[in-house]
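Asks: Here is a sequence together with a model predicted from it:
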Amino acid sequence: MARRRSAGCLALLIFFLVGGVLGGAGYFAVLRPEMEVGRSFVEGRCEILGKVLIEEERRKRSSLKSGGSKKRTLYRPEFHIRYEAGGKSHEARTWRIVRSSSSSEAAQRKVLDRFEVGGTYPCWYDPADPSRVVLEKGISMGAVVLVGLGGLFVLIGAGGLATAPLRAVRNLAR
């Protein structure tokens, strides 16, 4: 009986730790930079000089049994822009603050199609470092899911660990 309780507490502790890592990584790597753009970046006007769909080949291990790997192609849009910041003209290759890729080529082509070469669009740059510029701002669904999932795991683990002593006392009373 004690071993079963120990295994249950260990599982809850793992839930708590995995949730903390997932939520922390999602917050610091994705959500926090996206929120920073909304808080401290300044709006400007950018001219699109060029656009391209970047393709990245990544190898993914298939399984331990086969020992092989599969190729996977990921896509991300990239825009070459010109903008004014701090009284100077700047050029950059950018899209969003977090350089994320997707396996959906069609979805990334739709992003490219929203902007025309030669067109002028709003963009946002960091007044403290004008080389940090984005063509799109906002909170991504990926960031919300990652932080939310991490938070859910933390709550399940913490809730289970907090109620473990109460369950132990109740079992002793039986």
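Replies: Cool, got the structure.
Asks: packing partners for the longest helix along the chain?
Replies: For the chain, the helix with the greatest residue count under DSSP state H is helix 141-173. Counting contacts by 3 or more CB pairs under 8 Å, 6 or more residues apart in numbering; DSSP states H and E, helix 141-173 is packed against helix 2-26. All C-beta spots, glycine's among them, are computed from the backbone N, C-alpha and C.
Asks: Quick check: buried residues in the helix it packs on?
Replies: Buried residues in helix 2-26, counted by 16 or more other CB atoms under 10 Å: 12, 15-16, 19-20, 22-23, 26.
Asks: now stretch 91-110
Replies: Per 16+ other CB under 10 Å, stretch 91-110 contains these buried residues: 92, 94-98, 108.
Asks: just stretch 41-57 next, same as before
Replies: 41, 44, 46-48, 51.
Asks: ok, so of these, who is nearest Gly160?
Replies: Taking CB to CB as the measure, Phe41 is the one of the buried residues of stretch 41-57 closest to Gly160, at 40.9 Å.
Asks: Which pLDDT does the model give the closest one?
Replies: Per-residue confidence at Phe41 stands at 97 (pLDDT).
Asks: So for it, what's the nearest residue that isn't a sequence neighbour?
Replies: Nearest non-adjacent residue to Phe41, counting by CB to CB, 6 or more residues apart in numbering: Trp124, 3.9 Å away.
Asks: How about the one you found: which residues does it bridge to?
Replies: Glu43, Val134 (DSSP bridges).
Asks: what about it, distance to Arg45?
Replies: According to CB to CB, to the nearest Å, Trp124 and Arg45 sit 11 Å apart.
Asks: okay, the buried residues of helix 2-26 in JSON lines with pLDDT and distance to Gly160 next?
Replies: Listed next are these as JSON lines, based on pLDDT from 0 to 100; distance: CB to CB, whole Å:
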{"residue": "Leu12", "pLDDT": "88", "distance to Gly160": "4"}
{"residue": "Phe15", "pLDDT": "86", "distance to Gly160": "7"}
{"residue": "Phe16", "pLDDT": "92", "distance to Gly160": "8"}
{"residue": "Gly19", "pLDDT": "94", "distance to Gly160": "12"}
{"residue": "Gly20", "pLDDT": "94", "distance to Gly160": "14"}
{"residue": "Leu22", "pLDDT": "92", "distance to Gly160": "17"}
{"residue": "Gly23", "pLDDT": "93", "distance to Gly160": "17"}
{"residue": "Gly26", "pLDDT": "92", "distance to Gly160": "22"}
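Asks: Having no further points to raise, I will conclude here.
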